[in-house]
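Visitor: This is a predicted model, with the sequence first.
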Amino acid sequence: MIEVKHLSKFFGPHKAVDRIAFTVQKGEILGFLGPNGAGKSTTMRMITGFVPPSGGTAVIGGHDILREPVAARKKIGYLPENAPVYPDMTVYAYLDFCAQIRGFSGSDRKRRVTETIEKCFLSGVEHQTVSTLSKGFKQRVCFAQSILHDPEYLILDEPTDGLDPNQKHEVRLMIRKMSAEKAIILSTHILDEVEAVCSRAVIITKGAIVADDTPENLKARSTIHGAISVTLADADADAFIACARSVPGIREVAVIERTDGALKARIYPESADPLAAEHLMTALSAKRFEVKSLFVEQGRLDEVFRAVTTS
Ligand SMILES: Nc1ncnc2c1ncn2[C@@H]1O[C@H](COP(=O)(O)OP(=O)(O)OP(=O)(O)O)[C@@H](O)[C@H]1O
């Protein structure tokens, strides 16, 4: 388990992190979110022992990062932001060097390097110098060094930053595959990534936690959660509004846009009535509206993110 215990960080008079506390269990992938400058990287640097906290501590697999830094760091894999990798080394030589620093030798070291190269899809570039790699591949090399020692705890600062959509997909798959036996914290600005990968999300702003929940529960806080979104083929807006309002339990009907013969609207039921969408569909069909799509909104994480980080 990763226990973050009231970590704080001051840079001079500026409070960058303000008594942040949470835990991450094995099997969990925690998305660490927040606007630019919210304190995500600073928190991750404190958890991994790269920056001393002004207050609080982090306990990694039972080892306090301040009192037992070596034991704690042995258990951690860390992908820092703007990952530094020695530019003049080949990919293989760099990872071999990292394995050596981690204390591996002989055939075990060789096996770990080779396996990690394969796992991170680096086989095609293993003999290329790092300086000649594209940004995405450099990122992958740094990701590779973070998992080389098969750590129980992974701290990944924007792991998919700079990757193309295919590489993003591959890295997310890798993270998900590894998550069963690891506790993972990853920071990201991509909210789709949180929905695709994370089992939980912590949102911070101005150094403090403002939300800590599953992506589903966070989305349920969205103002459109439970609303019914409808697209109709060319339809008279007034007739549609009248029809939708005639359905029992409908609180509000909002036409969102009319384009090229299509009408898009959002209908808000009084409560999250699971039958409201069905009743609406029946009413629209009875009035011969041509329904192109109709679905119940789960809510939008970006809307919730904005609400909690700007209030
Ligand atoms: N070494 C430092 N000296 C002074 N201020 C710092 C230092 N490192 C970070 N800060 C400040 O601490 C605050 C938090 O920065 P941090 O990099 O942790 O934010 P972040 O949430 O990771 O941002 P981003 O999403 O832009 O990467 C910012 O105001 C930043 O300017």
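Guide: Alright, I've got the coordinates. Numbers count the residues shown, from 1 in each chain.

Visitor: Strands along the stretch 51-200 of the chain, start to end?
Guide: 55-60, 63-64, 76-79, 153-157, 183-187, 200-205 (DSSP state E, counting those that start in this stretch).

Visitor: What is the neighbour count of residue 296?
Guide: By other Cβ atoms under 10 Å, the residues close to residue 296 number 16. In this view, the C-beta of every residue, glycine as well, is placed from N, C-alpha and C.

Visitor: Sorry, slip of the keys, the one I care about is residue 146.
Guide: Neighbours of residue 146 (other Cβ under 10 Å): 22.

Visitor: still on that earlier bit, kindly present the strands of the stretch 51-200 of the chain as TSV, with separate columns for distance to the ligand and mean pLDDT.
Guide: Shown next, in TSV, are those (distance: least, Cβ to the nearest ligand atom, whole Å; pLDDT from 0 to 100):
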stretch	distance to the ligand	mean pLDDT
strand 55-60	15	98
strand 63-64	22	97
strand 76-79	13	94
strand 153-157	7	96
strand 183-187	7	96
strand 200-205	7	97
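
Visitor: Adding mean neighbour count, write those out as JSON lines.
Guide: JSON lines is the format used below for the strands of the stretch 51-200 of the chain (neighbours: other Cβ atoms under 10 Å):
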{"stretch": "strand 55-60", "mean neighbour count": "20"}
{"stretch": "strand 63-64", "mean neighbour count": "16"}
{"stretch": "strand 76-79", "mean neighbour count": "22"}
{"stretch": "strand 153-157", "mean neighbour count": "25"}
{"stretch": "strand 183-187", "mean neighbour count": "25"}
{"stretch": "strand 200-205", "mean neighbour count": "22"}
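
Visitor: possible to save those as CSV with distance to residue 259?
Guide: Output for the strands of the stretch 51-200 of the chain, formatted as CSV (distance: least, Cβ to Cβ, whole Å):
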stretch, distance to residue 259
strand 55-60, 51
strand 63-64, 58
strand 76-79, 43
strand 153-157, 41
strand 183-187, 37
strand 200-205, 34
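
Visitor: quick one, which of those strands is nearest to residue 95?
Guide: Across the strands of the stretch 51-200 of the chain, residue 95 has its closest neighbour in strand 76-79 (13.0 Å, Cβ to Cβ).

Visitor: helices and strands around that closest one, which ones?
Guide: helix 135-147, strand 153-157 (3 or more Cβ pairs under 8 Å, 6 or more residues apart in numbering; DSSP states H and E).

Visitor: What is the neighbour count of residue 293?
Guide: Neighbours of residue 293 (other Cβ under 10 Å): 10.

Visitor: wait, it sits on residue 231?
Guide: Yes. Using Cβ atoms under 8 Å, residue 293 is in contact with residue 231, at 4.6 Å.

Visitor: between the helices and strands packed on strand 76-79, which gets nearest to residue 271?
Guide: Of all those, strand 153-157 comes closest under Cβ to Cβ, at 39.6 Å.

Visitor: orientation of the closest one relative to strand 183-187 in degrees?
Guide: Interaxial angle of strand 153-157 relative to strand 183-187 (axes from the mean of the first three to the mean of the last three Cα atoms, to 10 degrees): 10 degrees.

Visitor: Export strand 153-157 to CSV, keeping only CA atoms.
Guide: Output of strand 153-157 as CSV, limited to C-alpha atoms (Å, rounded to 0.1, in the frame of the first residue of the first chain):
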residue,chain,number,x,y,z
TYR,A,153,4.6,0.6,-6.6
LEU,A,154,4.5,2.7,-9.7
ILE,A,155,4.4,6.5,-9.7
LEU,A,156,4.0,7.8,-13.3
ASP,A,157,4.0,11.5,-14.0
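
Visitor: From the contact counts, what lies against that strand?
Guide: For strand 153-157, the packing partners by 3+ Cβ pairs under 8 Å, 6+ apart are helix 40-47, strand 76-79, helix 135-147, helix 165-178, strand 183-187.

Visitor: is it possible to export those to a markdown table including distance to residue 89?
Guide: Listed next are the helices and strands packed on strand 153-157 as a markdown table, based on distance: least, Cβ to Cβ, whole Å:
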| stretch | distance to residue 89 |
| --- | --- |
| helix 40-47 | 24 |
| strand 76-79 | 18 |
| helix 135-147 | 10 |
| helix 165-178 | 21 |
| strand 183-187 | 26 |
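
Visitor: which residues of this protein score low on pLDDT?
Guide: For the chain, the stretches with pLDDT under 70 are 83-84, 272.

Visitor: Which stretches in it count as helices?
Guide: Taking DSSP state H as the criterion, the chain carries its helices at 40-47, 69-74, 91-101, 106-119, 135-147, 165-178, 191-197, 215-219, 237-245, 276-286, 301-310.
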